[in-house]
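K.L.:
model the structure of this input:
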Amino acid sequence: VRKVTTRLLERHGMEVFTAKDGVHAMETLQDHRPDVMLLDIEMPRMDGFEVASLVRHDARLKDIPIIMITSRTGEKHKQQAFALGVNAYLGKPFQEAGLMSTIEEVLAETKAQVLNE
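P.N.:
Numbers count the residues shown, from 1 in each chain. Got it, this is the predicted structure:
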């Protein structure tokens, strides 16, 4: 899914940084501050909930919009993600158009928040 999503985003002109697991994601965030972050709950070494929590508690990263994309579509997981500050929650498999519109929406919301501050 990571490779397919990377190709999709690159086709839409986005620069993409990928991480093989949660620890690698946090290492990547030391050098790069993305406009949006796509996370899966199920990742080795550090799951998506842990990554989202660390991002939300880091002053430099806390405003990055996070979209959780996961096969765990139950209400319990969804509520936990939103409680951590995730901006959007998509189930797998996702539709290409749905992902792109969700990215556009969270980026627009983030931009509007910045302008209102």
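
K.L.:
I figured His77 was touching Thr70, is that so?
P.N.:
Yes - with contacts counted by Cβ atoms under 8 Å, His77 reaches Thr70, the gap being 7.0 Å. Using the backbone N, CA and C atoms, a C-beta is placed for each residue, glycine as well.

K.L.:
intersection of neighbour lists for these two?
P.N.:
Residues touching both His77 and Thr70 (Cβ atoms under 8 Å, 6 or more residues apart in numbering) are Ile41.

K.L.:
the two: which has the busier surroundings?
P.N.:
Neighbours per residue, other Cβ atoms under 10 Å: of His77 and Thr70, the larger number sits with Thr70, 22 against 18.

K.L.:
residue boundaries of the strands in the chain?
P.N.:
Ranges of strands within the chain are 37-39, 66-70, 88-91, based on DSSP state E.

K.L.:
from the middle of its chain, how far away would the last one be?
P.N.:
Put plainly, it is strand 88-91. 9 Å (Cα atoms, centre = their mean, to the nearest Å).

K.L.:
that strand: partners in the sheet, and parallel or antiparallel?
P.N.:
Strand 88-91 has the following strand partners under DSSP bridges: strand 66-70 (parallel).

K.L.:
ok, now the shortest one?
P.N.:
Here strand 37-39 has these sheet partners by DSSP bridges: strand 66-70 (parallel).
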